[in-house]
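> Take this sequence and fold it.
(one chain, ligands or ions: 1)
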Amino acid sequence: MFVFAAPQQASLAVQGSTDRFPVRRIFCVGRNYEAHAREMGKDPTREAPFFFTKPADAALDTPCTIAYPKLTNDLHHEIELVIAIHKGGSDIAEADVMDHVWGAAVGLDMTRRDLQAEAKKMGRPWDWGKAFDRSAPIGPIKPIAQVPSVENGRIWLAVNGETRQDADIADLIWSVREHIAILSQAVDIAPGDIIMTGTPAGVGAVVPGDVITGGVDGIGELQVTIGERA
Ligand code: MN
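Numbers count the residues shown, from 1 in each chain. You can find the predicted model right below:
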């Protein structure tokens, strides 16, 4: 028995089903597209992939409205390909990574950019910039057998219908196979883990009332409305 009712299992919708995908952890890849690394002032050619995390219950279904979060005046959108894991493992070979993948989706790595910038400057953790409540709206997960490719396809985002991010997942510096193999060298991958694979160039601010749309061709789309301040 728990001393009080256990928290509800975090989960995400699945395309074409009422079943839900139980979320264990959210791993995110930093700076995984060259043009985005450059816009953040970094040299994309020299850096091994690095990771940060969000709490599992930061994930939420789309379409949704999220309140403009606390503490920030510079809330940014980052559109990302999302990979959902159903089979655990460690030191996974690149050739075996797809055996661990249950499905794929499109998601938003919402970022309090001002808090992230302050953390970078002060040498502090990124958590307050990245790992806040409702910071990972994600579209319904598509089973991998129905996904044409996690290696190429247009990835895009628009705010109020105006395109802000437009790239191709073929431009990932570290592909899905590569970065999940490397992630599994650092932690034991487990069923329910999801990986947000990084955002292309064109990140920018949103304000209350904005409507974000985005997608990855062949995988899915999402819509998120920014509400009033929490
Ligand atoms: Mn990101």
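> Surely Ile180 and His100 touch.
Yes. If you go by CB atoms under 8 Å, Ile180 and His100 touch, sitting 7.2 Å apart. C-beta here means a position set from N, CA and C on the backbone, and glycine is covered the same way.
> okay, and the common contacts of these two?
By the contact definition CB atoms under 8 Å, 6 or more residues apart in numbering, Ile180 and His100 are jointly contacted by Ile85, Ile92, Ile189.
> which residues does the first one contact?
With contacts defined as CB under 8 Å, 6+ apart, Ile85 is in contact with His100, Val101, Trp102, Ile180, Ile189, Ala190, Pro191, Gly192, Asp193, Ile194, Ile195.
> Is any residue of the strand or helix carrying the last one near the ion?
Secondary-structure element containing Ile195, defined by DSSP states H and E: strand 194-196. No. Residues of strand 194-196 contacting the ion under CB under 5 Å from the ion: none, with a closest distance of 6.0 Å.
> mind checking how far that strand is from the chain centre?
6 Å (CA atoms, centre = their mean, to the nearest Å).
> And for it, what's in contact with it?
Contacts to strand 194-196, defined as CB under 8 Å, 6+ apart, come from residues 12, 23, 25-29, 54, 59, 80-85, 107, 109, 136, 138, 176, 179-180, 183.
> For it, which strands pair with it and how are they oriented?
strand 26-29 (parallel), strand 79-85 (antiparallel) (DSSP bridges).
> what's the next secondary structure element after that strand?
Using DSSP H and E, the helix or strand that directly follows strand 194-196 along the chain is strand 204-205.
> Who are the contact partners of the residue in the chain positioned nearest to the ion?
Among the residues of the chain, Asp109 lies closest to the ion, at 3.4 Å counting by CB to the ion. Residues in contact with Asp109, defined by CB under 8 Å, 6+ apart, are Cys28, Lys54, Glu78, Glu80, Lys130, Ser135, Ala136, Met196, Thr199.
> Look up the closest residue to it, ignoring the ones flanking it.
With CB to CB, 6 or more residues apart in numbering as the criterion, Asp109 has its nearest non-adjacent residue at 4.1 Å, and that residue is Glu78.
> Do I have it right that the one you found meets Met110?
Yes. Between Glu78 and Met110 there is a contact under CB under 8 Å: 7.3 Å.
> Looking at the contacts of Ile85, which is nearest Tyr68?
Closest approach to Tyr68 among those (CB to CB): Ile194, at 24.2 Å.
> Show me what the longest helix seen in the chain is in contact with.
Identified as the longest helix of the chain according to DSSP state H is helix 113-122. The contact list for helix 113-122 (CB under 8 Å, 6+ apart) reads 71-76, 124-130, 203, 205.
> Now with 7 Å, please.
The contact list for helix 113-122 (CB atoms under 7 Å, 6 or more residues apart in numbering) reads Leu71, Thr72, Asn73, Asp74, His76, Pro125, Trp126, Trp128, Gly129, Lys130.
> That one: how far from the chain's middle?
The answer for helix 113-122 is 19 Å, by CA atoms, centre = their mean.
> so what does the helix or strand just after that helix touch, helix or strand wise?
Note on helix 113-122: by DSSP H and E, the next helix or strand toward the C-terminus is helix 127-130. In terms of contacts (3 or more CB pairs under 7 Å, 6 or more residues apart in numbering; DSSP states H and E), helix 127-130 is packed against strand 111-112, helix 113-122.
> from those, which stretch is densest packed?
Highest mean neighbour count among the helices and strands packed on helix 127-130 (mean count of other CB atoms under 10 Å): strand 111-112, with a mean of 24.
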